[in-house]
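Asks: sequence-free structure coming up:
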């Protein structure tokens, strides 16, 4: 028999669900909480670092601004630029004092209004000449203050200029004098910003239009910056799915510099991989444990059930000699014990049944033996009846007629007959016995008409009456035998045979049942009747023997269930 | 509790957990959106120029106008094809680069715009209907290897038919290079006479051999593989400045000076910014800068610029008809392929 949801599978699934689900939920939640915390922390940290970067840039700008204001205000610088070579020492003095605070972070050059270099804080200018219709000088002329611009096509190397600021200088009377140009190289940025952002982070400075100005790792300017710009323009977040880095952004407004901090993801790939491995590992352990537990428990339950199952199968095939050993002292062990007990009872019952059947058969065989060759006897008796009639011996004719009727009754196939008929046949028997014993006793049957059609086993009265005649009335004058039928309660029929003969031996009174056949020797008729009654109707029924009234004679009563002719036999 | 109710409770708990984890995933984005430029401050430019050319222009444009430029670099034909494909929903505002004859060929994709200084542009360099705005004038020149060819031997287109050069002329396949096609048409104009005869004679001079990239012309002449070659002034000057052994010849029988340029895409998403851009590239500052830094010949007069280039007025020009060239583009190329292949199979 194939089970659709075997107990074992369900057990396994149950274990798996109970162990795996909480594990996975816990893992997922822990991972999220962990990640959230790390992210928040990283975000705070990056904000702090960005603030630091911006404050450094603010400081730088303040210095630049001061320089440009000082130079503009100087009475020497603008005229010197406007009118060509004058007192260069004065101009240098002004330049150095104006650039006091910020000279270490940038190079300051002065160009005349044609864009030709004149003065520098370094030994060499960055450019001998700068276009005045292009780039930062053009922008400076258009604006009042400092303007800043990324240097186009800046070269490689640490001294490459990356970022320029310029201010237009005018003479006090408003004439075009020249330009202050502030140039920052990669080195300058490096010195300025190193240490403001974390060591494992990278910093990117972008101009107003997100084109790279400076990158802490120069390769980032070519690779990362264009991508970030694209993402910004597309309106996407800078951090992309699967990216190893997170980004923070801040703006230094005056210089138009965006600082982009690239920091490694708080939960990087390897950590995530580790967590996943641990989770998967735990899940696998759960699965294995679930399988083992499922197998073990199901085996513990399955074995006894299987044994019980096969034992029941054996019983179904009528083998009662099975025994289920109760291995464990638990519910299943008890079940096995109960089953064994049930089998023992069943076996006993069946043996009892077989024994009953055997005994009944023996009784019937004995009866048949007594009816040896009845047809021959019947026919002979009929012949005798006619011969005696011809020869005018009426007693012989009567006797043979009665005997033939009795014999016919005996060999009729019915096992149960109406009480009326039983009494009729009994009377034939009495007639024969009267002739044999020369009418030494009287007989009287008293059957209420409503009981006449009650069914009784065939030939149960004759042995009782015979017993009374042979043993009770032997040698008794004026003997009398009486048969009475009465109803006891609703369901029982009691037939009482009373005689006034010698009475019963003392040890025979009481219920006839449970006597060995040895004891009944000589009273085989009574024994047979009692056996038949008990086998037909059960142990509660049978013959009851007692002494007659006034201590004379014997009373034999048979009690049996009240059944009518029309009722079906059971 | 019956089973459906229990299930419902379970799914509720699960949903809550998932939502909680989902919320954790949602990051509070920094105020990045504040940095994103608005749509009015944007411009999308398709360019076929080299990075060294477009980069300073774009940077300067951004700084002067405050407009964010999104660049899509690519080859001229590739970008023009893309424009034609996107005609119904154009993404680009401006096509920047490519000979104006190529732009003419895709005139359906563009919308006319007369730039601010249109009146100041060199008349031969400007579009009469404003379809395109010129950027640089690109005269076709002849080059020769200074070590192998004495000065004065090569002066005109006519000289190319001399048997002395046969098989030693560097010329790029005109079906690949637009400038090479311009060169071929210029040759036809300069030599005059029947087109097919000239093509056949030139094919003989080439000995049926042509190069597959316009850059190869310079390399081939500089290395001495070829003696002479046909290329653009700007390219040749760049190589001269780099120190290669080549010299330029402006053909005495005239050359063409077809500009490259930019054009505004029809139905451009940011038309005003596109106009600003076209004004800018034809403006004085850009023109001056291009001449000074990239030997690109301006398409307008620029006051007080350094006279690095031979003035256009001193170069004899043929009457190069751009519309004739674009109309006969395929015909000329077909004849050319025929004659170059030996003339047996039409």
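Replies: Sure, I can see it. Owing to the predicted nature of the structure, the values given are computational and were not obtained by experimental measurement.

Asks: what helix or strand is the closest residue to chain B within chain A on?
Replies: Here the residue of chain A nearest chain B is residue A:32; by Cβ to the nearest Cβ that distance is 4.0 Å. C-beta: built from backbone N, CA, C; applies to glycine. Using DSSP states H and E, residue A:32 falls within helix A:7-73.

Asks: what is whichever helix or strand comes after that helix packed up against?
Replies: Downstream of helix A:7-73, the next assigned helix or strand under DSSP H and E is helix A:77-82. With contacts taken as 3 or more Cβ pairs under 8 Å, 6 or more residues apart in numbering or on different chains; DSSP states H and E, helix A:77-82 sits against helix A:7-73, helix A:88-98, strand A:107-112, strand A:161-170, strand A:176-185.

Asks: out of those, nearest to residue B:202?
Replies: strand A:161-170 (49.6 Å; Cβ to Cβ).

Asks: is chain B contacted by the closest one?
Replies: No - Strand A:161-170 lies apart from chain B when judged by Cβ under 8 Å from any Cβ of the partner chain; the minimum separation is 11.5 Å.

Asks: related to what we said a few turns ago, give me the number of residues near the residue of chain A closest to chain B?
Replies: 17 (other Cβ atoms under 10 Å in any protein chain shown).

Asks: break down the chain into its helices, ranges please.
Replies: In the absence of a named chain, this looks at chain A. Counting by DSSP state H, chain A has helices at residues A:7-73, A:77-82, A:88-98, A:135-142, A:186-193, A:218-233, A:269-316, A:331-370, A:374-390, A:394-411, A:419-436, A:461-467, A:524-537.

Asks: wrong one, chain B
Replies: For chain B, applying DSSP H gives helices covering B:3-25, B:51-65, B:76-85, B:100-105, B:178-191, B:195-206, B:214-222, B:233-241, B:271-281, B:284-294, B:322-327, B:329-340.

Asks: how close does residue B:45 sit to residue B:53?
Replies: In this structure, residue B:45 and residue B:53 are 12 Å apart, going by Cβ to Cβ, to the nearest Å.

Asks: ok so, going back, okay if I get the helices of chain A as CSV plus mean pLDDT?
Replies: Shown next, in CSV, are the helices of chain A (pLDDT from 0 to 100):
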stretch, mean pLDDT
helix A:7-73, 87
helix A:77-82, 84
helix A:88-98, 86
helix A:135-142, 89
helix A:186-193, 89
helix A:218-233, 86
helix A:269-316, 84
helix A:331-370, 85
helix A:374-390, 84
helix A:394-411, 85
helix A:419-436, 89
helix A:461-467, 87
helix A:524-537, 83
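
Asks: the helices and strands packed on helix A:77-82: which one's closest to residue A:197?
Replies: With Cβ to Cβ as the criterion, residue A:197 lies closest to helix A:7-73 of the helices and strands packed on helix A:77-82, at 4.6 Å.

Asks: next, the angle from that closest one to helix A:269-316.
Replies: Going by axes from the mean of the first three to the mean of the last three Cα atoms, to 10 degrees, helix A:7-73 is angled at 170 degrees with respect to helix A:269-316.

Asks: quick one, domains of the chain?
Replies: With no chain named, the answer covers chain A. What automatic domain parsing lists as the domains of chain A is A:74-191, A:320-369, A:439-561.

Asks: could you do chain B instead?
Replies: Per automatic domain parsing, the structural domains of chain B span B:42-137+B:259-309, B:138-257+B:314-339.

Asks: around chain B, which positions in chain A sit nearby?
Replies: Residues of chain A that fall close to chain B, judged by Cβ under 8 Å from any Cβ: A:25, A:28-29, A:31-33, A:35-36, A:39, A:43, A:131, A:133-135, A:138-139, A:149-150, A:152-153, A:208-211, A:230, A:232-233, A:235, A:237-239, A:248-249, A:251, A:258.

Asks: if any of those residues are buried, give me the ChimeraX selection for them.
Replies: Paste this into ChimeraX to select the buried members of the residues of chain A next to chain B, with burial taken from 16 or more other Cβ atoms under 10 Å in any protein chain shown:
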select /A:28,31,32,35,36,39,43,131,133,134,135,138,139,149,150,152,208,209,210,211,232,233,237,238,239,248,249,251,258
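
Asks: stretch B:320-337 - what's its average pLDDT?
Replies: Averaged across stretch B:320-337, pLDDT comes to 87.

Asks: just give me the longest strand of chain B.
Replies: In chain B, with assignment by DSSP state E, the single longest strand is strand B:133-145.

Asks: what's the closest of the helices of chain A to residue B:184?
Replies: Closest of the helices of chain A to residue B:184 is helix A:218-233, at 38.2 Å (criterion: Cβ to Cβ).

Asks: tell me which residues of that closest one are tucked away?
Replies: So helix A:218-233, judged by 16+ other Cβ under 10 Å, has buried residues A:220, A:221, A:224, A:225, A:228, A:229, A:231, A:232, A:233.
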